[in-house]
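A.B. asks: this is a predicted model, with the sequence first.
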Amino acid sequence: MDLLSEQAAVQKWRSYEYIGPGDVFHPVHYEADGGPDNQPYIWADDTMWSIDTPESPHSILPLLFYIINMPAPPLDLIGSKIQLQLRGDKLDLKGGTCLFWIVSSFPHSNRWHLTASPLSIGQDKWEEPDSITITDTPGHWHNSFCREQTYKPTLDKALKMTTSFGISFVNFKEKVTGRLSLGKFCIKSLSKRPPNWPYALQPDKSNCGWQSVLRDTNRQASAEIQSFITRDDNGNQRKVQGIVCPDNFVMFTTPASSFSYLAFVHTDYSTKGHRLGNAVIIIHLYAFELDLKQGGIHFFIEHTGSDTRWIFTRNIEPMVEKSAFVLTEDESLWSRLSGKLSLKQIMRHYDYFGFMIVSSQSTPRGTVCLLDFSIGPNL
């Protein structure tokens, strides 16, 4: 995977500035030539990065890349080989070291720096290529950050579900200054293991199996698949394909709440009974002129034989980019809409899963599009 030659991938590179309590992800500069062997390269300078103080030790993230913003699930990096070349112009590391790092978002954000393989930086010239092999040897890595302090992250899970990676400065005496350039960045997977993601939506397949319930007929109907134009986080137009849930919602009422189906799929077309407890899911919803009537969009699981439905209480916002979370088995993070099966029972014996609008005060209006959805491993 070459992440510097394709313009779509280049646009996902950022430089991180922490300005507490907020932060800024600056788009990097792209040069079509002038890199190693006169190939493309990217660069950032000290006007675009700052010291990230919550880390231990404090870090600077001059270059980072988000896998989760690409049309693919997180990477399994174990056994992969990273190749790259670095150049510094008037770069002063202030006594620090340059490292490769990764972040996993599951179940909470945690960062690891590859301390066993410091990276070489050419001063005012391109350095010879660095090549590092990624292993899950704990002594080769340092865990510098975990968003949830009660959670003890593990290196092997982080490497198997990498959502971000990049270049860092650590152990500096003060802020690193100058300019850092990256060329010929490539990830070569050496892993022979099968993919660990049980299901990924493929809206380009005519029989993807997703359905909805329409107000016009009050019956289930195959979801419509359309191509349309959205905008990325830079405001650029892009053509995408997804499952469209049109402005044709029908509301149902239970003693617990009202709900309207958006889109759902049977296990025969998706996970074929894969246990959902503590599974990772990634979702990308996009909306047009949506009015939820004070309701919220939620993930749900349904067992038709017992008329049992559970919804995950986390509200899902239609966004420009993807979001990710873990379907925990903690019932305090779920709500029962109907039926008597326990949460653990339905996570093993469900017929359908999908998305619905819950607790609307009246019939929702607008159009929702499911652009991406995948179910990953169980943590």
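C.D. replies: It's in. From a predicted model like this one, the values you see are computed outputs, not experimental measurements.
A.B. asks: so what's the residue lying closest to residue 64 once chain neighbours are set aside up against?
C.D. replies: Of all residues not flanking residue 64 in the chain, residue 166 sits nearest, at 3.5 Å (CB to CB, 6 or more residues apart in numbering). Just so you know, the C-beta spots here come from the backbone N, C-alpha and C atoms, and that holds for glycine as well. Counting by CB atoms under 8 Å, 6 or more residues apart in numbering, residue 166 touches 61-65, 100-101.
A.B. asks: where does the stretch 1-150 of the chain dip in pLDDT?
C.D. replies: 1, 5-9, 21, 68-73, 107, 149-150 (pLDDT under 70).
A.B. asks: helices along the stretch 201-350 of the chain, start to end?
C.D. replies: With DSSP state H, counting those that start in this stretch applied, the stretch 201-350 of the chain shows helices at 343-348, listed in chain order.
A.B. asks: the stretch 1-150 of the chain too?
C.D. replies: Assigned helices in the stretch 1-150 of the chain, in chain order: 7-10 (criterion: DSSP H, counting those that start in this stretch).
A.B. asks: give me the pLDDT for residue 235.
C.D. replies: pLDDT, residue 235: 62.
A.B. asks: quick one: which of the contacts of residue 166 has the most company?
C.D. replies: residue 62 (28 neighbours; other CB atoms under 10 Å).
A.B. asks: shouldn't it be in contact with residue 17?
C.D. replies: No. Residue 62 lies out of contact with residue 17 (CB atoms under 8 Å); the separation is 10.1 Å.
A.B. asks: between those two, what contacts are shared?
C.D. replies: Counting by CB under 8 Å, 6+ apart, the contacts common to residue 62 and residue 17 are 48-49.
A.B. asks: which residues touch residue 117?
C.D. replies: 99-100, 130, 132, 140 are the contacts of residue 117 under CB under 8 Å, 6+ apart.
A.B. asks: wait, which of those is closest to residue 221?
C.D. replies: Residue 221 lies nearest to residue 100 out of the contacts of residue 117, by CB to CB, at 48.6 Å.
A.B. asks: gap between residue 341 and residue 261?
C.D. replies: According to CB to CB, to the nearest Å, residue 341 and residue 261 sit 19 Å apart.
A.B. asks: whoops, residue 135 was the one
C.D. replies: 45 Å.
A.B. asks: tell me which of the two has more neighbours.
C.D. replies: Legend: neighbour count by other CB under 10 Å for residue 135 and residue 261, higher for residue 261 (22 against 17).
A.B. asks: correct me, but that one touches residue 215?
C.D. replies: No. Judged on CB under 8 Å, residue 261 makes no contact with residue 215 at a distance of 10.5 Å.
A.B. asks: before we move on, back to that, tell me what the residue nearest to residue 64 is bridged to.
C.D. replies: residue 64, residue 101 (DSSP bridges).
A.B. asks: what's the pLDDT at it?
C.D. replies: 96.
A.B. asks: picking up where we left off before, ok, the contacts of residue 117 vs residue 153, which is closest?
C.D. replies: residue 140 (15.4 Å).
A.B. asks: contacting residues for the closest one?
C.D. replies: 114-117.
A.B. asks: farthest-separated two in those?
C.D. replies: 115 and 117 (7.8 Å).
A.B. asks: what is in contact with the two at once?
C.D. replies: 99, 140.
A.B. asks: the nearest residue to residue 226 once chain neighbours are set aside: how many residues sit nearby?
C.D. replies: Leaving aside its sequence neighbours, residue 226 sits nearest to residue 244 (CB to CB, 6+ apart; 4.9 Å). Residues lying near residue 244 (other CB under 10 Å) number 20.
A.B. asks: who's residue 244 bridged to?
C.D. replies: Going by DSSP bridges, residue 244 forms beta bridges with residue 224, residue 369.
A.B. asks: and it, how close does it get to residue 266?
C.D. replies: According to CB to CB, residue 244 and residue 266 sit 19 Å apart.
A.B. asks: what do you get for residue 327?
C.D. replies: Distance from residue 327 to residue 266, counting by CB to CB: 18 Å.
A.B. asks: more crowded one of those two?
C.D. replies: More crowded of residue 327 and residue 266, by other CB under 10 Å: residue 327, with 25 against 18.
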